[in-house]
Each structure stands twice: as C-alpha cells, then as structure tokens.
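**Student:** Structure for this input, please:
(chains A and B)
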Amino acid sequence: MNQNTFINLIDPVKDKMYRLALRLLISKESAEDATQEVFLKLWNGNKKIKDYANLEAFAMRVTRNYCLDQLKAKQNSNLKIAHTNYESKEASVHDQLEVTDELELVSQIVEGLPEQQRIIFQLRNIEQYEFEEIAKITKMNETAIRVALSRVRKKIREELLKKHNYGIE
Amino acid sequence: MESLLKKYEEGNTTLAEEKQLQDYFSSAEIPVHLWGYKMIFAYSANEKKRTYPGKIQLTSNKRQFFFIGIAASILLAIGVFSWQNNNVEEIPEHNLGTIEDPQEAYHKTKEALQMVAEVFNAGREDLEYLNEFNKTKNKFIKNQ
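**Tutor:** Model (predicted):
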C-alpha cells in the first residue's frame, strides 16, 4: 500500500479520531498531537492491517488506546495535561448563575464523566456508531455498552436539571 | 414520544430511532420538561461538526528534530573552535609593541623592575624577625 492509498483510506476517519482524542484529552493541542501519532502508528504498521473493511474500527481503537495511555502517563508523572482551550472561562466565572452558553454547560458535565463513559457517549451519541462497532472499538460486550450508555444519558440529564434549577432560583 | 425517550435513556434505541429524536429536538418548540434532552441532542450535533485541524503526515517530526539537533551541535562545535583559535592569535598582536619610544620603554621596564624589587624587599623585611630569633637562639647555644 502506498502513502496515497493509505491517506485516502484514513481521511474519512480522521475527524472521528480527532474528536475521540479531544473527548479524552480535552486539550485541543494534545488531541491533535495524539491523532497525528496514531496516523504514524497505523502507517508504520500498515502491513499488519489485513482487514481493510474494518480499518475505521481499528483506527478508532488505536486512538482510544493511545489516548488512555497518554492519560495514564500524565497521571503517573503527576502532571495534568495543560489545556489552553478554555476560551470562555472568565465569562463562565462571571455569570455562573445565568449561563449564557447552555452548550458550555453540557460540555462541562461531559468533561466531568469517567473516561469509559466519555468514550461510550462520544461513540454513540456523537458519532452514532452501531453497538456492534462500539464493541469492536472498546472490546466491551454490547450489554455492558448499553448499560454504560444508559448511565451516561441519565447522568447528563440529571446534572443539567440540577444546574438549570440553580440558574432559575 | 415519552416511551421513546424512556427507551433512549435505557440505551435501547436504534440509530434510526435516535435520528427521529434528534430531528424532533432540533425543532423549535420543545416542552420545558424536555429541555435536558434538547441540550444533549444539540450538544451532540454541535460536537460532530469539529474537524481535525492538521494535515495527515506520515513522517515523524521526531526524526527531523534529531537531524536538526546534530546539525546544530556541529555548527556549535565549529563556532567554539574557530572563536578559540581567533583568541589565541589576538593576544600577542595586542600586547607586543605597544610602546614605540625606546626611552619610554626603558623607564617602564625600570618601573616594573622597581616594583618587583619593592615587593621582594617587603618580604625580606619580615625575615629580620627570624634573625632576631637566631640571635637569641645562638646565645643559649653558646652559653651551654
């Protein structure tokens, strides 16, 4: 396989990979670096990829694993991943009672979720993968995925209502 | 709709059903008690618009940095080497032949030697104490 073929294959997946990395690493820079690293990993190991039909699931799986490793490494060295993409941080401190950007509220709630739940939320709610595909990416069984998904969806809505009520009172 | 939402929260909806919900919640009029769902769907749709900002590169940046590092250290080594060489040549050029007039050179030399002698004598003055000590010692030795 030459470089062009590979790029053509990976191109439709690149945004999904980046979004998954962003969901896990939160920092835009780290997510971009991680995605780039995964491209390299996939390209260097491309002779081992036999099942090109499943390249997408494989690429997503490698992305997931790479990001989880990154998080673990940062945790071990007691360093937090620096992220500079809190554009509206100051604003949200000022209007904590009336959050102007309601989507920012959802974003904060999602950021606070455990890694596994963030992955499931990302893959199903945002990327709309079938459960079968999510199972391939996460190596979880479908029942476990459904349970986790249900937990996430309930949790986000509960948190939203809690915060929303604070805003009203 | 309510039963579909219940199914949704249990994680049992199909993608088609979720698409149906997505369409419903992107319409303008949503009952207040369903606000939370509306937010989740709006957020999900919004997040899906993000795109990877970079280009797909299949060569590692690390290797480039490696070669840049080697090149930089070679340049640095050459720089330090030639700078040192220059310095060695410069010292005799500047320190020799600064006094052209022989008379003046003679005086300067005399002055310098005088200074050396003074310092030398200052050292010798201290030796007087040693002589004093010797005298006393000799007295004792002779007396015995």
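**Student:** show me where pLDDT drops low in the chain?
**Tutor:** With no chain named, the answer covers chain A. A:50-52, A:76-100, A:166-169 (pLDDT under 70).
**Student:** wrong one, chain B
**Tutor:** Filtered on pLDDT under 70, chain B yields the residue ranges B:60-63, B:87-97, B:143-144.
**Student:** domain parsing for it?
**Tutor:** Domains of chain B are assigned by automatic domain parsing as B:2-47, B:99-144.
**Student:** tell me the contacts of residue A:122?
**Tutor:** Shown in contact with residue A:122 (CB atoms under 8 Å, 6 or more residues apart in numbering or on different chains): A:19-20, A:23. C-beta coordinates here come from the backbone N, C-alpha and C atoms, glycine included.
**Student:** In the residues you listed, which residue is surrounded by the most others?
**Tutor:** Neighbour counts for those (other CB atoms under 10 Å in any protein chain shown) peak at residue A:20, which has 28 neighbours.
**Student:** check which helix or strand covers that residue.
**Tutor:** helix A:3-25 (DSSP states H and E).
**Student:** Run the contact check for that helix versus chain B.
**Tutor:** Yes - counting by CB under 8 Å from any CB of the partner chain, contacts between helix A:3-25 and chain B involve A:3, A:6-7, A:10-11, A:14-15, A:17-19, A:22.
**Student:** Nearest to chain B among those residues?
**Tutor:** residue A:18 (3.7 Å; CB to the nearest CB).
**Student:** shouldn't that closest one be in contact with residue A:33?
**Tutor:** No - here residue A:18 does not reach residue A:33: they are 10.6 Å apart, not a contact under CB atoms under 8 Å.
**Student:** Neighbour count: those two, which is higher?
**Tutor:** The neighbour count for residue A:18 versus residue A:33, taken as other CB under 10 Å, is higher for residue A:18 (23 against 16).
**Student:** Name the nearest residue to that one, ignoring sequence neighbours.
**Tutor:** Closest residue to residue A:18 apart from its sequence neighbours, by CB to CB, 6 or more residues apart in numbering or on different chains: residue B:52 at 3.7 Å.
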